[in-house]
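Chemist: what's the 3D shape of this:
(4 chains)
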Protein chains: 2
Amino acid sequence: MLAASLQLADEEGLAAVTMQAVADRLGVTPMALYRHVKNKADLLDGVVESILLEVPLPDVTEAWPDRLAALARGTRSAALRHPGVFPLLLQRAAVTPGARRARDVVYDALREAGLREDDVVRFERLLATAILGFAASEAGGRFAAHSAEQLNADFALLQDTLAAAILGALAAQSV
Amino acid sequence: MLAASLQLADEEGLAAVTMQAVADRLGVTPMALYRHVKNKADLLDGVVESILLEVPLPDVTEAWPDRLAALARGTRSAALRHPGVFPLLLQRAAVTPGARRARDVVYDALREAGLREDDVVRFERLLATAILGFAASEAGGRFAAHSAEQLNADFALLQDTLAAAILGALAAQSV
DNA sequence: ACCTGAACACCGTTCAAGT
DNA sequence: ACCTGAACACCGTTCAAGT
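Modeler: Numbers count the residues shown, from 1 in each chain, chains lettered A, B, ... in the order given. The predicted structure follows:
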């Protein structure tokens, strides 16, 4: 049912995700959905969560900068796969298992980098908002006029900037 | 009419902005709105634009870093004033007068800083996505569990990171 | 447990008609 | 020019009823 909703959103946009359209796709009446979902908001929460769970977690054996870069790329890919829904990610509290999963990857990487615990949580939030902001902007259409190469270069600049910020914090705390 | 729509969104959320509710607030029938607006999407575009135009432009006599910081603060304030609508800003192409207005402030500041023209446009996009991403996350509710002090500190870290990136680019190009 | 039919109050939008 | 009444096809959701 979440899969059907997500597919519908990808094909026809978020506005096409109605209880009746989802039910149709499942060969059932709209009212049957209320057995599995509290209401429409709950259904959309489920769709958002399933996108979050789609982001592949990087291999723990990789070096921490590679893990962060891979997670960022994975997030961006998920956004481009689901442009109609992705902007919703910024409108839900980051307290679900899918959100926690990604956050833990970043926490572990930043700890391994050597950041102090308070900087770990600060930098996780910095990374998450910057990457999600970029991905949501790109998927949402704010960059409509830009070429793929431009966007790739922009994403690289963002990643470099964030990496430099982490290295800067490390240098500052080892003084 | 845009003012009435925005007010409605602020008071009761974006979902409450229906043609009928807006018309009610204006003491008119829903159909009368179609005289002034093509359809509902057009109305929402107008609301988004009016938020963009609400962001105060910094005084040109200020130094460039202060102008950038002031614009960022003004954007964040607008988001907090209109949390229900702000996430929509990431879903509209940045081609309206309101978007251009803010972009020109950043262009001028970055040129004055001494960046090369290609870096000017790259860094403007970096700044815009990072600041809008933060503001949309905060307004949208992704940070629901965090305190105001935490969020202020996070915003400061973001601004510092972006400022450092600009200074880094300046240093690199003057080698 | 799971699904349905009928119903409710509400959507966005059109069209012809009114002033 | 601007607004309205009536109508259309669609929403989300509830409830009692069916298997």
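Chemist: from here on, contacts and neighbour counts on C-alpha atoms
Modeler: Noted.
Chemist: number of nearby residues for A:Q150?
Modeler: By the measure other C-alpha atoms under 10 Å in any protein chain shown, the count of residues near A:Q150 is 12.
Chemist: Check A:G84 too.
Modeler: By the other C-alpha under 10 Å criterion, the neighbourhood of A:G84 contains 23 residues.
Chemist: same thing with the one 3 residues further on?
Modeler: Neighbour count of A:P87, defined by other C-alpha under 10 Å: 26.
Chemist: What are the neighbouring residues in contact with it?
Modeler: Under the criterion of C-alpha atoms under 8 Å, 6 or more residues apart in numbering or on different chains, the neighbours of A:P87 are A:A136, A:S137, A:A139, A:G140, B:P87, B:L90, B:Q91.
Chemist: Just the ones in strands from the residues you listed, please.
Modeler: Secondary-structure check on the contacts of A:P87 using DSSP state E: no residue lies within strands.
Chemist: if I look at the residue nearest the centre of chain A, how far off is B:L126?
Modeler: Against the mean C-alpha coordinate of chain A, by C-alpha atoms, centre = their mean, the closest residue is A:T75 at 4.7 Å. According to C-alpha to C-alpha, to the nearest Å, A:T75 and B:L126 sit 17 Å apart.
Chemist: again with A:L162
Modeler: As for A:L162, its distance to B:L126 is 11 Å (criterion: C-alpha to C-alpha).
Chemist: Got phi/psi on the residue lying closest to A:R92 once chain neighbours are set aside?
Modeler: Sequence neighbours aside, B:R142 is the residue nearest to A:R92 in space, at 5.1 Å (criterion: C-alpha to C-alpha, 6 or more residues apart in numbering or on different chains). Taking degrees, to the nearest 10, you get phi -70, psi -20 for the backbone angles of B:R142.
Chemist: In contact with B:R142: list those residues for me.
Modeler: Contact analysis of B:R142 by C-alpha under 8 Å, 6+ apart lists A:L89, A:L90, A:Q91, A:R92, A:A93, A:A94.
Chemist: Could you save those residues as a markdown table and add columns showing pLDDT and neighbour count?
Modeler: What follows is those, written out as a markdown table (pLDDT from 0 to 100; neighbours: other C-alpha atoms under 10 Å in any protein chain shown):
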| residue | pLDDT | neighbour count |
| --- | --- | --- |
| A:L89 | 92 | 24 |
| A:L90 | 92 | 25 |
| A:Q91 | 90 | 22 |
| A:R92 | 88 | 19 |
| A:A93 | 85 | 16 |
| A:A94 | 87 | 18 |
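Chemist: Pull out the buried positions in whichever strand or helix holds A:A99.
Modeler: A:A99 belongs to helix A:97-113 when assigned by DSSP states H and E. The neighbour-count criterion (16 or more other C-alpha atoms under 10 Å in any protein chain shown) identifies A:G98, A:A99, A:A102, A:R103, A:V105, A:V106, A:Y107, A:D108, A:A109, A:L110, A:A113 as the buried residues of helix A:97-113.
Chemist: Work out the gap between that helix and the centre of the chain.
Modeler: Going by C-alpha atoms, centre = their mean, to the nearest Å, the spacing between the C-alpha centre of helix A:97-113 and its chain's C-alpha centre is 13 Å.
Chemist: Which strands and helices lie in contact with it?
Modeler: For helix A:97-113, the elements it packs on are helix A:40-52, helix A:64-81, helix A:117-140, judged by 3 or more C-alpha pairs under 8 Å, 6 or more residues apart in numbering or on different chains; DSSP states H and E.
Chemist: what's the most buried one of those?
Modeler: Greatest average neighbour count among the helices and strands packed on helix A:97-113 goes to helix A:117-140 (a mean of 22), per mean count of other C-alpha atoms under 10 Å in any protein chain shown.
Chemist: Now do that helix, average pLDDT.
Modeler: Along helix A:117-140, the predicted local confidence has a mean pLDDT of 95.
Chemist: ok, for A:L157, nearest residue in space, not its chain neighbours?
Modeler: Spatial nearest neighbour of A:L157, chain neighbours left out: B:L126 (7.6 Å); criterion: C-alpha to C-alpha, 6+ apart.
Chemist: er, A:L33 actually
Modeler: Taking C-alpha to C-alpha, 6+ apart, and ignoring the residues beside it in sequence, A:L33 has A:A23 as its nearest neighbour in space, at 6.9 Å.
Chemist: Give the burial count for the one you found, as a bare number.
Modeler: Residues contacting A:A23 under the criterion other C-alpha under 10 Å number 19.
Chemist: Show me what the helix or strand hosting it is packed against.
Modeler: Per DSSP H and E: A:A23 is located in helix A:19-26. Using 3+ C-alpha pairs under 8 Å, 6+ apart as the contact criterion, the secondary-structure elements in contact with helix A:19-26 are helix A:2-12.
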